[in-house]
Structure formats: structure tokens, C-alpha cells
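Q: The sequence and its predicted three-dimensional model are supplied below.
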Amino acid sequence: MALIEVDNVSRTFTVRSRKGRLRREKRQVNAVDGLTFQVAEGECVGYVGPNGAGKSTTVKMLTGILVPSGGRLRVAGVDPSRDRVRLAHRIGVVFGQRTTLWWDLPLRDSYEMARRIYRIPAGRFRANLDRCLELLDLGPLMDTPVRQLSLGQRMRGDIAAALLHDPQVLYLDEPTIGLDVVSRNRVRQFLREVNTERGTTVLLTTHDLTDIEQLCSRVMVIDHGRVVYDGGLEGLHAVGESERTLVVDLAEPCPPIAVEGARVVRVDGPRQWLAFPAARSAAPVVAAVAAGYPLVDLSVREPAIEDVISRMYAGEVAAPVRVG
Amino acid sequence: MPLTLYGSVARGSFRRYATYRAAILAGAFTNTVFGFILSYTYLALWHARPDLGGYDATGAVTYIWISQALIAPVCVWGGGFQDDFQDRVRNGDIAIDLYRPVDLQSWWLATDLGRAALQLVTRGVLPMVAGAAVFRLRLPHDGRVWAAFLVSVMLAVAVSFAFRYLVSLTGFWLMDSDGVRSLAGILGMFFSGKLLPITLFPGALGALARVLPWSAMVQIPCDVLLQQRTGGALATGLGFQAFWALVLLAAGRAVQGLATRRVVVQGG
Amino acid sequence: MADDRFPAPPGRLWWGLRVWWMTAAMWTRSALAYRTSFVLMTVGNLAITAMDFVIIAVMFHNIHSMGGWDFHQVAFLYATSSFAIGLADMLVGSIDALGNRIRQGTLDGIMVRPAPALAQMAADRFALRRLGRPLQATVILLWSLSGLRVQWTWDRMLMVPGLLVCGTAIFVALFVAGSCLQFWVADAAEVQNSFTFGGATMIQYPPTVFARELVAGAVFGIPLAFVNWLPALHILGQSDPLHLPAVLRFASPAAAALALAAAGLAWRAGLRAYRSTGS
């Protein structure tokens, strides 16, 4: 049985907009419409889509905050909207930039509060906390007031707080946004560990493709309240024909580079931008450039998720696609 | 031109507050309810002593409704720019503001004047209309009195702003200026004449209340509109308001200087 | 299933009270992080809430009775009203930040915890300094009781603590019910002030000074009259401007229970609306 079951779920909002001086217009908007998917225990799923696509509406329904207008929803066998408090014991939620830690108190106090609110048995609490502290390197920060933590430290603190009660499902909303590279890698490493070692099911929304590349075996793309793609990341690249960009700095301005498998999209003095299919390795392109041109420096830019999705549309891939 | 800059800041603030329709209606409703309650207590008071504090019963009830109309624009209780300002102190963004080319105090003053103007025409007018519908009020017919009243209200807002600015600056040292704010609010309600005209205060308490800056916020504008202050008394009243506005603005500037030197940025 | 991992949940009410207590304790510890500020504010609040009463003292400096009630009798009304709203404000008053939480989206963080949202919200931004008002009211109450000319029979003596408890409960209900409005109109926080703080101001003065419609509204609409007006009629032996049945003077416990039940229903309805409309 799947851990998360979403069956033909819809969610309508009434939007009031002013029209003229006094008249108001009411409009029904479908934030989520006929949404259907399942997530098996132990999966790590990336949930992506443009802003306003219905991502946060979905997460709100899965956590029991929002009641669906129609359809059927089950998380760990519980109907979230009917049994919010029972569900709370089985899920962990991290709301991106809105911390749930106690701002003016040492980190330790927030964990102690979580222990009491979730009524976590002492031994289990100790074991879980120790594990989180070690893997997230939070030990030295335990006595620091949360307001003095950096964004990355705070995010690590929030993730630990969401896991102390051994949730079966962990929802993360933009867990790496705004973090420095070190924190970002540590967070990803930790989430991978939580997912593979503990078997915690993870559902994360993100704008960062690298998050998905490194963590998720499966991606769901949602747009206009529907799943438009569900499958592996490679499939997404292929479907969207997305491109990575190789930025090369040459010793001197040169005419546009001509190598196989890549095309120049921009030239600015000695710097040139080359686009190549994201599914393919950068190595042959780099080798070809290095062989024929005075290469000084280079970097590879990953496609942004919006980019991938907009290309999907340009390629007229509108119907749900299930790959692999 | 800096003046046009501050003008557009004030206009922006006016428009921003105009978008909080529900808050305006909710606030006007509350002011009206308080107006009703206080009107009845004043009527009982003036029934027992018909010319208390130099007002007759009609004058006293009018005083209530003017002061209810002033409570939002003048922010006797605190508020206005303070929430935004304190948030910025708390999260450290204020450090950025301190190094901007515009003058911090003038910038916030401009936003507060814009807010006050919007609230005067909304939360000032609505309770007054409701009060006039139920009670007999005495409002002047002379346009010059209204003009003097508007000048007095503007000075009242300036005094109130300068005071609230000082209160919020304590956030640099106390990290929790909400406590100071609630104290300042209670003092303001008492000494401004918002709860009871300070002309009723006996002896030394009355003498003290008359010279403190809070009387510039409610008592003086009310007396201007009630024509309790005319001629020379009007001039000294406005002068008194201008005096406190300048003194408190200067004090705010000095404290702001100290704060700039200190800048304990949260989380940094 | 997963529930076995946790001890069985204690009784709903008891668990709610414990969550309130834990949350309030955390906010108090947060306030103590700024110790100077905390001490200054607690002392300051104690001293300064007394100014409220000075207004009434100034009134009685000029008159001898108001609507047929003397200074000590009005002080009794003031003290009981101030005590009830002060204590209720400390216990649940910051629930009026509900609209802010909805706007900022932080209510969601509260709703994913396995604890009643009402208990968490009622203790949100709990401030111990609000104890100043009930303390000051207690002093005024003692002063008033010492000067009242009342035959202290046992029923009158029992009614004084009784009305303090019921009055606090009524104001708790008003704070909660009033804040529920914000589930529908997020920035209508001020409306509830007219019922809570406005109501408290009204019942500081004798019912005889108000229009009969207002007094009737406080009896049959928003149950403010049960906080102190009606029981005070019996305790102080005053006459009732509305000539209502005397049994109402003893009905404060029933009114408080009804008000709390109504507030609980309003909260549930509000939460349901929030969850079915989003924000």
C-alpha cells in the first residue's frame, strides 16, 4: 500500500476582485484539479512547478491544514483533514524560510519543547537528537539563541526539529533556498541519509535542480493544478530538451566557438556561452573547446527548473507523461 | 529635491494605508463604540456638575467625539510606523537604513504624516458622523476655526511622531520595545486628555499635565475646534505644540545618533 | 500503527491546559532573555496601570455620586472589571495576533503540531507583565471593600470571588470569540477591542448612566452585565435600572459557561472556515 495516496483531489478557492468602485466579482479558481498520484514508503520525491502551480496547496492538504474540495487523500492511512492531530505524529514539516524554532531561546529549548509537545519517550528522543546533532553538526550551536544563527544553521536546526518524533513522511518546502554551498551540501547529505538509512519518505518542493538531482529518484512536475510529468529526472531532461550552459573564458576575444554537440548562445569579449543538452556529459564539449581554443577558465551552469518546464511547454508536452 | 522625495514618500504611505479597508472600518467601529460609552459617562458627570472644567455638557460630549476622531491619526496609543520600524530594528535591516542617503527620521516622519492624513479623513470622519447622528454636538461654522484645527492636528501628529520615534529607538538597547510602548501608550492616554480633559485634573496634577508634551496631542486640538482657545490662547497653544515637536524631534535625532554608533544588529 | 510509539493522549482539556502552560513558559523564558527589559516592564506596568483608576478618582474629586453610586461603589465596579479583563488578557489576550499569523503564514506551523491550535494561540506571545493590571485591580478592590457600607452576609462574601472567576471566564470567552472574526477578515483585529476593552470600560461605570438599550445589550447580547453589574446589584444593594428578575443577579456562572461554550464553537467554526477557504 502506498504511504501517500492522492486520488482525483481538487481544491477550489473563491477569489474576490474589485471591479469598478463598488462592485466586487467572485471567481472560482482551481488551485488543484483532478490531482492523482501515489508515493510509496521510502521514496524521495521532488515536487516542482512554477509559483502558483498548486504546490503549497497540495502540501497544505497533505498536512491536514487545508481541507480538499473533492477527491480522496490518505497519508500513512490517515485522512489528513479529519485527523490532523493524529497525523501530526507521523509527519514532519519544514516550512522553508519560516522557522518554527523559538527565536530568542537557545536551540536546545526548541528541541525540549518538541519532545513535550510530541510526547516523545526520553530514550528515543535522546537517540534521535544525538544522531541529528552529529550529522547536521549542530552540537556546538545547542546553546546559541536561534536569532544568532545563520540562515544555513537555522535551516539545519529546523530540519532536526522536524525529525525528532520519527515521522514517516517529511515535507520540505525549499530546504536549500538562500543557503551557502557548505550548508546546502550538508543538508542534502543529511536528507539522503534520512531517506536511505531510516527509510523516511521525503517530499520536497524546490526551485533548485541540483537538490533533485542529488536526492530524488522521482520528480513530479505540477502546473495549473495538475501533474504534467511524473518520472525520473533524466526523463525530464529529455522531455523538456533542457540545456546546460558551458561558460568559457578564453585568453583573447575569438570568433564564436564551433564544436560538435554545442552551440554558442552569447559572446561577450573573451567570454562565450555554449548551450548543450543537459542529458549529455560536459566532458566531450570541454575537450573539444580546449583542443581548438586558448581556454583560460570554464564553468558549467545547470538549467533552472523553470527553464526545463518552460521548454517542456515549448515542446508541446502537455499531457501527463509517465516515464520509467 | 529632498522635499519632493518626502512628499512622494508621504503620498505612498497615504495610499498604502488606504488599502487596509477592513482595518479602517474595524478601527472606526471601535472608536465609535468607545465614543458612545464615554459620552454617557460624561453626560452623567456633567449632569452632576454642569460647568465642569470650563465645558458645558454639549461641549464635553463634543470633546469626546473630537478626541475619538483624533485617536487614530495622532496615534495616542502608539502604532503607525512603529511596527515596521521595530521589525527592522529586530531583524537588523535598520543597519541598511542608517547608511542610506536619506535622513532616517525625516523619512519615517513623512510616512507617518501620510498615514495620519489618510486616517484623519477615514477614521476621523466616520466616528464623528456616527456621534453627531446620536448626540448633540457643537461644531464651528467658521472656516478659519477649522483651518486652525487642521494646523493643530498636524502639529499634534508631529509631536506624537517625535515621541513614538524616541520610544521605538529604545529597541536598539532593550531589544523589546513593546514593553516601553505599552507604558508610553498608557501615559499618553492619561496625559493627553483622551480619557478626561486635563482641565479637570486637580492642582499639581493638572499643572503637570498642562506642560507635558501629551497635552499637545489631544487636549489642544480639541480646545481649538471647541473654540476654547481663540486669539492669543490659540497662538500660545499652537506655539506650545510647535515647541514640543521641535524639542522631541531634536531629542530623537540625538538618540538616533547614539543608536547609529551602537548598531547592535540582530543575528549578526 | 505508529501511534503505539507514543503514550496515549491525556484528556483533551487537560492536554490543552498543559500545552498552554508549556507555550506560556517558553514565551516567559524568551522575555527573560532580555532581563533588564523584563524587570523594567513588569515594574513599570504595575505602577502605571494605576493611572487608569486616577481618572475615576479625578471624576469623584469633582462629584459625589455618579448615577446614584458613590466612589467606593464605582471603585468596586472598576476593580472587578479591571481584574477580570486584566487576567483574561494575560491568559488569552494575545490571541488577537491571529490575523497576523494568518497573513504571515505562521499559523500553519502551529497547525501541524499534535496539540490544540487554540491552546497554542492563546499562549502566543504570553507576557507575564500583564499581571500588573489584575494586581492593581486587587489593591483597588480591597480599598473599595474596606469602604463599602454593606451588610456582609455569607452570600455576599461568596459572590465577590465568584464574580471575579466568572468575570474572567466571560472576558476569556470574549477574547477568543472576538479573535475568531479574523479567520474571515484578517485585519479586523480592532473590532474585538470594542467588545473586550470597550466593554470593560463600560462596566467600570454604573449601569444607571447608560441608555437602557446599551444596558439591555450587555445583559442579553454580549454578557458583560454578568461580569459585575448584575452581581453588584445584589452585593451593594443597588436598584436595577431595567427591573430585571432578581435571579439574573446570581446567574453569572451560567452566563460564563454559556459564553465559553459559544466561544469554543466560534473557534471551531473559524478554524473550519480557515481550513476550507485557505487564506
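A: Good, I have the coordinates.

Q: do stretch A:138-145 and chain B meet?
A: No. Judged by Cβ under 8 Å from any Cβ of the partner chain, stretch A:138-145 stays clear of chain B, getting no closer than 9.1 Å. Glycine gets a C-beta too; all of them are placed from N, C-alpha and C.

Q: What residues sit buried inside that stretch?
A: A:138, A:141, A:144, A:145 (16 or more other Cβ atoms under 10 Å in any protein chain shown).

Q: Could you dump those into TSV with pLDDT added?
A: What follows is the buried residues of stretch A:138-145, written out as TSV (pLDDT from 0 to 100):
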residue	pLDDT
A:138	93
A:141	95
A:144	95
A:145	94
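
Q: Which stretches in the stretch 151-300 of chain A count as strands?
A: A:169-173, A:201-205, A:218-223, A:226-231, A:243-250, A:263-268, A:271-277, A:295-301 (DSSP state E, counting those that start in this stretch).

Q: any chance of those strands in TSV, plus distance to residue B:42?
A: As requested, these are exported to TSV (distance: least, Cβ to Cβ, whole Å):
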stretch	distance to residue B:42
strand A:169-173	55
strand A:201-205	59
strand A:218-223	62
strand A:226-231	64
strand A:243-250	75
strand A:263-268	76
strand A:271-277	76
strand A:295-301	72
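
Q: helix/strand/coil for residue A:71?
A: strand (DSSP: H, G, I helix; E, B strand; the rest coil).

Q: and the gap between the residue in chain A that chain B sits nearest to and residue A:159?
A: When scored by Cβ to the nearest Cβ, chain A has residue A:147 as its residue closest to chain B, at 5.2 Å. Here the criterion is Cβ to Cβ, to the nearest Å. By it, residue A:147 lies 18 Å from residue A:159.

Q: Give me the more crowded residue out of these two.
A: Neighbours per residue, other Cβ atoms under 10 Å in any protein chain shown: of residue A:147 and residue A:159, the larger number sits with residue A:159, 22 against 19.

Q: ok, back up a step: quick check: the residue of chain A closest to chain B touching residue A:104?
A: Yes. Using Cβ atoms under 8 Å, residue A:147 is in contact with residue A:104, at 6.1 Å.

Q: now the strands: where do they sit in the stretch 1-150 of chain A?
A: A:4-18, A:24-39, A:44-48, A:70-75, A:91-95.

Q: Just the CA atoms of the third one, as PDB, please.
A: Taking C-alpha atoms only, strand A:44-48 is exported to PDB below (Å, rounded to 0.1, in the frame of the first residue of the first chain):
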ATOM      1  CA  CYS A  44      12.200  10.600  -2.200                       C
ATOM      2  CA  VAL A  45      10.100  12.700  -4.500                       C
ATOM      3  CA  GLY A  46      10.800  16.200  -5.900                       C
ATOM      4  CA  TYR A  47       7.700  18.200  -6.300                       C
ATOM      5  CA  VAL A  48       8.300  21.100  -8.600                       C
END
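
Q: elements contacting it?
A: In this structure, strand A:44-48 makes packing contacts with helix A:55-62, strand A:201-205, helix A:209-215, strand A:218-223, judged by 3 or more Cβ pairs under 8 Å, 6 or more residues apart in numbering or on different chains; DSSP states H and E.

Q: Just name whatever secondary elements the third one is in contact with.
A: For helix A:209-215, the elements it packs on are strand A:44-48, helix A:181-193, strand A:201-205, helix A:233-240, helix A:305-314, judged by 3+ Cβ pairs under 8 Å, 6+ apart.
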